[in-house]
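Asker: sharing a model that was predicted from the sequence below.
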Amino acid sequence: MDANTFRWVLIVIAVLLAVGIYLYGLQQGRLRKRSADETFTREEIDSAFIEDEQLDFEMNNLNQILKDNEDDEDFDEILVNPAGEAKKTPFALPVPEIFVPTMLAAKDEDRLVSYHLRHGDFRLITGEEADAAMQDSGLELNAEGFLEFREEGEVAFQVASLTAPGDFSEIEKLEFATLGFNCFIDLDFCENPRLAFEAMLKKIDELVRILNIKVYKPNQDLLTISDVTSVREKLA
């Protein structure tokens, strides 16, 4: 056998092997598909049917439990939120009471500038956090237990606690905690209200950044730029 004949024999054998491998692959693919279809039919469908039966059984039990509860419950005692009342989720915590010292509660609104600094979800500020914020912002504890900031030797504004008893006299104790800060200026005892207001705004900005809190008006609405502008015009 010459070289050319031998070469053609090898080519024919290679082609036959390739065709055989291809046909074998097709046959195996059909077998795997058929096996998967049979497995799904016998096992997965049966399993789904079993789950449906269990679901029906559990639903029947649940309906019976609900029916028993309805028979035992007096629906006249169920309270319905009156119209206009804020909706609450089942896990919503009640809004805590914000404490306002008597001297501020009795003060005429026109003679007082007051802002509340707290977390939006009323999360407590620990004594350690409050003390660190006091130190970092340059606030000092006065004889009455309030924090205060002095500008040019004069008290610019004071800070009360939003949690009773309203002061920070026990700020260094481990159990101390507060809802937040009530920064206020008593205009009847302030010689330079405009200067004091600007100083308070600056320190409020520092406290907000230090404690990651928000600023609210006494009615618990968020403070806006227009509110600040209005007070500036009033104090000018």
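Answerer: Arrived safely, thanks for sending.
Asker: can you give me the strands in the chain?
Answerer: Assigned by DSSP state E, the chain shows strands spanning 112-118, 125-126, 140-141, 147-151, 154-161, 177-178, 180-186, 214-216.
Asker: near Ala130, how many other residues are there?
Answerer: 25 (other C-beta atoms under 10 Å). All C-beta spots, glycine's among them, are computed from the backbone N, C-alpha and C.
Asker: residues in contact with it?
Answerer: With contact taken as C-beta atoms under 8 Å, 6 or more residues apart in numbering, Ala130 is in contact with Phe168, Ile171, Phe176, Thr178, Phe181.
Asker: before we move on, what about Pro193?
Answerer: By C-beta under 8 Å, 6+ apart, the contact list for Pro193 reads Val113, Ile185, Leu187, Leu235.
Asker: give the rounded mean pLDDT of stretch 185-192.
Answerer: Averaging pLDDT along stretch 185-192 yields 93.
Asker: check stretch 147-162 too.
Answerer: Here stretch 147-162 scores 93 as its mean pLDDT.
Asker: what does that stretch contact?
Answerer: Against stretch 147-162 from outside (C-beta under 8 Å, 6+ apart): 98-101, 104, 113, 116, 118, 134, 137-142, 146, 166-168, 178-186, 190-192, 195-196, 199-200, 203.
Asker: in that stretch, what's buried?
Answerer: Buried residues in stretch 147-162, counting neighbours by 16 or more other C-beta atoms under 10 Å, are found at Leu147, Phe149, Glu151, Val155, Ala156, Phe157, Gln158, Val159, Ala160, Ser161, Leu162.
Asker: centre of the chain to that stretch, how far?
Answerer: 32 Å (C-alpha atoms, centre = their mean, to the nearest Å).
Asker: and the buried residues of stretch 147-162, which two are furthest apart?
Answerer: Pairwise distances across these (C-beta to C-beta) peak at 23.6 Å, for the pair Glu151 and Leu162.
Asker: circling back: and which of the contacts of Ala130 is nearest to Gly20?
Answerer: Set against Gly20, the nearest of the contacts of Ala130 by C-beta to C-beta is Thr178 (84.6 Å).
Asker: how close does the closest one get to Arg150?
Answerer: 22 Å (C-beta to C-beta, to the nearest Å).
Asker: now Leu235
Answerer: Noted for Leu235: a distance of 19 Å to Arg150, by C-beta to C-beta.
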